Every structure is written in structure tokens, then in C-alpha cells.
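1. Compute the structure for the input listed below.
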Amino acid sequence: MEKRVLIYAPSGQDAVLAAKLLSMAGVDNLITETSTHLAAELLIGVGAVLTVEEALSSGGLKVLGECVQRQPAWSDLPIVLLTNRGPDSLSVRQAIAVLGNVTLLERPVRTLTLITSLQSVLRAREKQYQVRETDRRKDEFLASLGHELRNPLAPIRTSMGVLAHLYPDQAPVKKVTDVIERQVTHLTRLVDDLLDVARINSGKIELQRDFTTFAAVMGHVTELCTAPAAARRVKIDFALPEEEIVLYADYARVVQIVANILSNAVKFTPPEGYISVRATVDGDTLKIYIRDTGIGLEAAALGRIFAMFEQSRPPSGQIASGLGIGLSLARQFAEMHGGSVIASSEGLGKGSEFAVTLPVVSQTRPDQQPQSETSIGQSDQRPKILVVDDNRDAADSLQALFEMENCNVATAYDGFEAVQAVEQAMPDMIVMDLGMPSMDGYEAARRIRKKPGSKDVLMIALTGWGQSDARQRTIEAGFDHHLIKPVNFDEIKRLADGRLKRQPLLRRVV
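-> Take a look at the predicted model:
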């Protein structure tokens with residue numbers, strides 16, 4: 001944590017004198033001779049800046065203003081400014097307006113006043129560093145929490161799949177599995193939102209852009225939001241363009257933008273309420289309007305609702321369910337795409353409207369090669385699968401699903417066992433967790449890829465970690481795919497059938 005004071009007083013003896021006094025008081029400091037030098041040192045780090053009024057016009061105000069503009073949310077750089085006429089000076093008034101956190105000291109300044117003022121602002125700066133550290137630990141906690149929550153979700157979902165396979169015609173079983181599926185899906189979305197918060201705050205969110213259509217996005221949104229709306233007896237009316245609207249965007253994030261806003265509208269619209277979703281194209285901009293007959297918003301809340309973890313309060317005074325991050329994520333993802341999200345309301349009890357804008361591309365999506373429908377193979381030999389996970393419930397339930405699809409399945413409960421199993425018999429596919437004790441999935445994958453015959457093995461990382469750096473590490477370790485827990489078994493089937501060239505991997509046993 002940087003605690004030094006940068007001194008910028010390019011003319012006269014102020015800089016030398018100030019540096020001597022601060023050094024005698026035990027305050028770390030550095031004289032910057034030019035505005036260019038000041039700018040370079042600001043990039044390295046600074047506890048506070050000491051400057052003089054006449055230095056503002058020699059590039060100081062411009063450099064400091066740029067630094068203040070780009071500083072992170074936790075930072076409020078303290079600047080001590082020595083003046084001749086106090087706030088009566090035009091340059092000083094400009095500095096206060098541009099720089100914000102300015103402490104004015106009128107000349108002549110007493111030594112004790114200068115030292116105590118700088119010590120005071122450095123103590124305040126220390127509090128800012130503590131906020132930064134708290135935010136960092138919070139982000140690490142959220143990422144770890146998301147990972148830990150994903151682990152039990154995986155065996156729950158796969159065990160549910162086992163029940164559905166064993167008793168496909170049993171109405172009570174179907175009813176229970178449907179409930180589990182809905183709740184696991186809901187919990188998975190909450191976990192995903194938590195992880196997105198951590199990724200955004202740490203700068204690890206990267207859009208995975210590709211050509212997609214607005215119709216495809218809204219089809220997915222409808223699937224996500226129709227059932228909750230029906231459960232609350234809220235009607236959703238869609239008025240969408242008939243022509244194809246092509247977006248060059250991160251499909252999952254655009255779905256998240258619209259679904260988060262629409263889900264929020266459903267949550268705050270009373271039973272028998274109404275929500276309209278309409279969209280238009282204005283030039284190269286897609287405009288989506290989501291209007292509800294819900295509880296509405298007071299004017300003071302219109303900007304606040306987009307703050308992270310902000311919860312709206314219904315008229316009853318009770319805090320609504322949820323994490324309070326859906327709208328914040330929607331706005332941030334829209335802005336990352338070059339769009340926006342704006343809220344409006346005529347007041348409490350009069351409903352709300354959210355307007356989303358996203359850029360539209362003029363060119364059509366490039367022709368896509370048709371996906372191969374070739375099955376995994378026609379050989380009578382069953383595909384050999386190795387499932388690796390230190391969570392035995394997760395490994396065993398996934399093994400059961402594979403076996404129901406006529407596969408020859410082995411399990412390993414750590415990286416060492418996985419390597420040993422491969423030495424005994426090379427499988428066709430390995431589905432392996434990453435976060436295992438003793439030897440993690442990364443190291444196990446690297447060792448397996450070094451063995452003869454492993455080049456054609458389909459390796460899938462199945463993990464709770466979804467950050468971009470984790471995905472890059474899986475690629476470097478030799479995995480072909482990176483799936484996030486709890487994964488839908490159909491996704492594994494799709495990847496397998498698209499790669500292996502034998503019989504269909506998941507041919508149900510009858």
C-alpha cells in the first residue's frame with residue numbers, strides 16, 4: 001500500500017523545503033520536477049499529493065485531473081494545495097471543482113500545520129486502502145462461495161437424472177424431479193450472479209461475442225420467465241419485430257440482461273398483474289421496453305436500484321427476496337456491449353418501465369457449416385468413460401447416468417487414481433473435476449496427455465470455477481472443454497457425440 005507523498009512545486013524552494021520537513025517527520029516523500037514526472041509517479045502509486053497554486057497552470061491540474069478521473073471506486077486521492085489567496089483564486093476554485101478531495105493551506109504555512117495536515121490525509125488514505133482490501137476479500141469470498149455451492153448442486157442434478165431414467169413413467173417421481181430441477185436451476189442462477197459480481201469487480205469478465213439473433217435471445221428469455229410469471233398469475237405480453245435482428249454480442253449476457261429485468265418485473269408485480277415487452281429497431285440500435293403494473297418506484301430510487309446489492313422495498317416494508325444484484329448486472333452487461341439500461345416510473349403504485357438499448361449489426365450472420373450428426377461410432381464396443389471427482393456423490397451419480405446410457409464407466413476420486421486408471425486402460429473420454437486434493441485436475445490432465453494414445457481422448461473439465469483464467473488454464477493443461485457445475489448431462493452428451501466417432505455415446509439401455 002503506497003503511503004508516500006508526491007511533491008509537485010516546479011519553481012522556487014517550496015519542494016525542497018517541504019521534502020526536508022516531511023523527512024524529518026518520518027513521512028516518505030518524493031519531489032517530482034515536471035508534470036510528466038508527476039504523471040509517471042502517480043501511475044506507480046501515491047498516498048497523497050502536495051502541490052502549490054502556481055503549479056496548477058504548468059500542467060499540474062491537467063495531470064492530477066486525469067488521475068482523479070481514472071482512479072478506482074475505492075480511491076479518493078487526497079491533495080494538499082498551498083495557496084496565496086485561498087478559495088478567492090480562480091485557479092484554486094477550478095482545482096476544487098476538478099480534483100474534489102482538496103485540503104487548502106494558505107501561505108505562509110506553519111510547519112506543524114503542514115505536517116499534521118499531511119499526516120491526517122494519509123490516515124484517511126489508509127482507510128481507503130482498507131476498503132480496497134475488504135472489497136478484494138469480498139470478491140475472493142464470493143468466488144469461493146460460488147465454487148463451493150456448485151459442488152453439491154452437481155450431484156443433486158445428476159441424481160435427479162438417475163431417478164428420471166429409472167422411473168420415467170412414475171407421476172410422483174416426475175413431480176418431485178420437476179421441483180428439484182426448478183429449484184436447482186434457480187439456485188444455479190443465484191450462484192452465477194454471485195460469481196459475476198466477483199468477476200466484474202476483479203475485471204475478469206470478458207464478453208464472448210458472436211453473431212446471434214434477437215429472436216433466439218427472446219426465446220431463451222421466455223423459457224426462463226414464463227413459468228415464474230404463471231406461478232404468480234402475471235400475464236406477459238410480447239410485441240417483438242417480425243424481421244430478423246442480428247446482434248454481435250455475448251448471447252448468454254444479453255439473455256441475462258433481459259431476463260434479469262423481466263424477472264424483476266415479475267417479482268414486483270402483484271397477482272393478476274400485467275407486463276408488456278416490446279422491441280423496436282431505430283437505425284442501428286435495438287430498443288427493448290419492459291413495462292409492468294407493479295409497485296412502482298419513487299424518484300429517489302430510480303438511480304439507486306442499479307447499485308450492487310440494493311433491495312427495493314414493497315409498500316409492506318418487507319425486503320424482497322433475491323440478492324439485489326440482478327439489475328446492476330443487467331446495466332453493466334448492457335454498457336459493456338455499448339448499450340444502456342434506464343428506469344422510469346410515475347411513482348409508487350404506478351408501475352415501472354425499463355428501457356434497454358443494444359447495438360445492432362447490419363451484416364447478416366456468416367453462413368455456418370451444418371453441425372455433424374455423425375454418431376460416436378458403429379462399433380459394438382461400448383465407449384469407455386473415466387469420471388474423476390473427489391466428491392464421491394458427484395462421481396457416483398454421474399457414473400450411474402453414463403451406465404444407463406450403455407457406457408463402460410470407471411471412477412477415480414483424485415488425480416493420482418485418474419493417472420493410474422489411464423495407465424491400465426486408455427478411455428475414450430474423461431470427465432474430471434479440477435479442485436481436488438493431492439493432485440488437482442490440471443496436473444492430472446497434463447500427465448495423462450503425456451501418455452501414448454492420449455491424443456484422441458476427449459477430456460472435459462467439470463468444475464465450479466468459471467473465471468476466464470480457469471478456462472485458460474484448462475486449455476493449457478490439455479482439456480478439450482470446460483463445463484461449469486452443475487452441468488446438464490445433455491451438454492456432456494452433445495460434446496461427446498460431436499467428437500467421438502463410434503456408436504452414439506448415450507444410447508439408452510432398454
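2. quick one, domains of this protein?
-> According to automatic domain parsing, the chain comprises the domains 5-109, 137-166+373-510, 210-359.
3. Just put those in JSON lines and tack on distance to Ala124 and mean pLDDT.
-> C-beta here means a position set from N, CA and C on the backbone, and glycine is covered the same way. As requested, the domains of the chain are exported to JSON lines (distance: least, CB to CB, whole Å; pLDDT from 0 to 100):
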{"stretch": "domain 5-109", "distance to Ala124": "6", "mean pLDDT": "89"}
{"stretch": "domain 137-166+373-510", "distance to Ala124": "21", "mean pLDDT": "78"}
{"stretch": "domain 210-359", "distance to Ala124": "23", "mean pLDDT": "83"}
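4. can you list these in a markdown table and add mean neighbour count and distance to Lys174?
-> A markdown table is the format used below for the domains of the chain (neighbours: other CB atoms under 10 Å; distance: least, CB to CB, whole Å):
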| stretch | mean neighbour count | distance to Lys174 |
| --- | --- | --- |
| domain 5-109 | 17 | 48 |
| domain 137-166+373-510 | 19 | 7 |
| domain 210-359 | 17 | 16 |
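5. To Glu126, which of these lies closest?
-> Glu126 sits nearest to domain 5-109 of all these, at 8.2 Å, using CB to CB.
6. Could you dump the domains of the chain into CSV with distance to Lys175 added?
-> Formatted as CSV, these follow (distance: least, CB to CB, whole Å):
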stretch, distance to Lys175
domain 5-109, 47
domain 137-166+373-510, 11
domain 210-359, 15
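7. Which parts of the stretch 301-450 of the chain are strands?
-> Listed in chain order, the strands of the stretch 301-450 of the chain (DSSP state E, counting those that start in this stretch) span 340-344, 352-359, 384-388, 408-412, 429-432.
8. residue nearest the centroid of the protein?
-> Asp196 (2.2 Å; CA atoms, centre = their mean).
9. Quickly note the distance from it to Val266.
-> Computed with CB to CB, to the nearest Å, the distance linking Asp196 and Val266 is 20 Å.
10. I figured Ala154 hits Ile484, correct?
-> No: Ala154 lies out of contact with Ile484 (CB atoms under 8 Å); the separation is 9.6 Å.
11. List the backbone torsions phi and psi for the residue located most distally from the centre of the chain.
-> Most distant from the centre of the chain: Pro108, at 51.5 Å, with distances by CA atoms, centre = their mean. With angles defined as degrees, to the nearest 10, Pro108 sits at phi -70, psi 140.
12. do the same with the one 10 residues further on
-> The phi and psi torsions at Leu118 (degrees, to the nearest 10) take the values phi -70, psi -40.
13. pLDDT score for it?
-> Listed pLDDT for Leu118 reads 92.
14. burial count for it?
-> For Leu118, the neighbour count with other CB atoms under 10 Å is 24.
15. Identify the residues contacting it.
-> Neighbour list for Leu118: Val5, Leu22, Val27, Ala48, Leu50, Val80 [criterion: CB atoms under 8 Å, 6 or more residues apart in numbering].
16. just curious, which of those residues is nearest to Asp237?
-> Ala48 (57.1 Å).
17. returning to what we had before: any idea how far the residue farthest from the centre of the chain is from Arg233?
-> Separation of Pro108 from Arg233 (CB to CB): 75 Å.
18. looking at it, Ser89 is touching Glu53, isn't it?
-> Yes: shown here, Ser89 and Glu53 form a contact pair, counting by CB under 8 Å, at 6.2 Å.
19. Now for those two: what residues contact both?
-> Between them, Ser89 and Glu53 share these contacting residues under CB under 8 Å, 6+ apart: Thr83.
20. helix, strand or coil for Pro21?
-> No Pro there; residue 21 is Leu. Here Leu21 is helix, with the state taken from DSSP: H, G, I helix; E, B strand; the rest coil.
21. Please verify my assumption that it contacts Val109.
-> No: with contact defined as CB under 8 Å, Leu21 and Val109 do not form a contacting pair (9.9 Å).
22. sorry, back to before: among the contacts of Leu118, which ones are in helices?
-> Secondary structure from DSSP state H places Leu22 of the contacts of Leu118 in helices.
23. for the contacts of Leu118, which one is nearest Thr222?
-> Nearest to Thr222 among these, with distances taken as CB to CB, is Ala48, at 54.3 Å.
24. Check the spacing between that closest one and Glu66 real quick.
-> Computed as CB to CB, the Ala48 to Glu66 distance reads 17 Å.
25. Please apply the same query to Tyr129.
-> Plainly put, Tyr129 is 22 Å away from Glu66 if you go by CB to CB.
26. repeat for Glu272
-> Taking CB to CB as the measure, Glu272 falls 54 Å from Glu66.
27. now Leu194
-> 34 Å.
28. Check Tyr167 too.
-> Separation of Tyr167 from Glu66 (CB to CB): 66 Å.
29. Also Gln130?
-> Here Gln130 is placed at a distance of 26 Å from Glu66 (CB to CB).
30. do the same with His165
-> From His165 to Glu66 the distance is 62 Å (CB to CB).
31. now the strands: where do they sit in the stretch 151-300 of the chain?
-> Listed in chain order, the strands of the stretch 151-300 of the chain (DSSP E, counting those that start in this stretch) span residues 210-213, 235-239, 246-249, 274-282, 285-292.
32. report the angle between the axes of the fourth one and strand 352-359?
-> Counting by axes from the mean of the first three to the mean of the last three CA atoms, to 10 degrees, strand 274-282 lies at 30 degrees to strand 352-359.
33. Please state the offset of strand 274-282 from the chain centre?
-> Offset of strand 274-282 from its chain centre (CA atoms, centre = their mean, to the nearest Å): 27 Å.
34. Out of the strands of the stretch 151-300 of the chain, which gets nearest to Ser75?
-> strand 246-249 (31.6 Å).
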